[in-house]
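>>> Pasting the sequence and the predicted coordinates here, then a few questions.
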Amino acid sequence: MADAVDIIAALRARAMTVAVAESLTGGLLVAELIRPPGASEVVLGGVVAYNTELKATLLGVDPSLLAEHGPVHPDVATAMARAVRERLAVGGRAADLGIATTGVAGPDSLHGEPPGVVYLGLSLGGESRVRRLALSGSRDDIRASTVEATLDWMAETLERGLAQGRE
């Protein structure tokens with residue numbers, strides 16, 4: 001797993017900021033990102049939009065997208081990642097990097113998606129990407145694995161930049 005200390009250092013070295021939109025992780029991701037000293041220089045904050053309606057009202061995800069596909073969908077993840085950059089702007093400046101988590105931690109399915117299906121959204125510059133995870137284990141395992149996978153993806157992105165497309 002990528003270390004949050006290294007991610008914060010990489011963001012600081014690049015003078016970049018990050019904003020986080022979380023659903024199934026319920027604040028675990030932003031909590032991990034603010035653990036290292038110096039995080040306040042680069043982590044603008046996080047929005048926990050656990051309820052589906054809040055994804056629309058707080059993050060501006062299209063309500064028709066949510067109605068048609070539910071909250072566990074790749075387009076929802078990318079919309080969350082793009083929107084949180086603007087919603088958590090500071091001094092009129094949007095975050096450089098937006099990251100989002102949405103999925104099913106279980107134990108029950110949600111909108112036809114089984115536990116362990118997770119979508120990560122990432123927005124940087126004018127580009128967005130999505131990554132699908134198929135995780136297993138308990139509810140806590142799925143949530144922890146989502147945080148680990150997100151940190152890994154952030155580290156990869158900061159190392160090599162963001163290429164277009166989906167993974």
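Structure's in. What do you need? Numbering: from 1, shown residues only.

>>> shaky segments in this protein?
161-167 (pLDDT under 70).

>>> Check it and tell me which residue is nearest its centre.
residue 100 (1.7 Å; CA atoms, centre = their mean).

>>> wait, is that residue part of a strand?
Yes. Judged by DSSP: H, G, I helix; E, B strand; the rest coil, residue 100 forms part of a strand.

>>> Would you agree it is in contact with residue 18?
No. The pair residue 100 / residue 18 is not scored as a contact, 11.3 Å apart, by CB atoms under 8 Å. C-beta here means a position set from N, CA and C on the backbone, and glycine is covered the same way.

>>> which residues sit in contact with the residue nearest to the centre of the chain?
Contact partners of residue 100, counting by CB atoms under 8 Å, 6 or more residues apart in numbering, are 20-23, 77-78, 80-81, 84, 120-122.

>>> That one and residue 107: what is the separation?
Here residue 100 is placed at a distance of 23 Å from residue 107 (CB to CB, to the nearest Å).

>>> Please give me every residue in contact with residue 42.
8, 11-12, 16-18.

>>> From those residues, list just the buried residues.
Among those, the ones that count as buried by 16 or more other CB atoms under 10 Å are 8, 11, 17-18.

>>> For the longest helix anywhere in the chain, buried residues please.
The longest helix of the chain (DSSP state H) is helix 139-160. The neighbour-count check on helix 139-160 (16+ other CB under 10 Å) flags 142-147, 149-151, 153-155, 157-158 as buried.

>>> can you put those residues in CSV and add distance to residue 67?
Below are the buried residues of helix 139-160 laid out as CSV (distance: CB to CB, whole Å):
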residue, distance to residue 67
142, 25
143, 26
144, 31
145, 29
146, 24
147, 29
149, 28
150, 26
151, 32
153, 28
154, 30
155, 35
157, 31
158, 35
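
>>> between those, which is closest to residue 93?
Checking the buried residues of helix 139-160 against residue 93 by CB to CB gives residue 158 as the nearest, at 19.0 Å.

>>> That closest one - nearest residue in space that isn't next to it in sequence?
residue 10 (4.3 Å; CB to CB, 6 or more residues apart in numbering).
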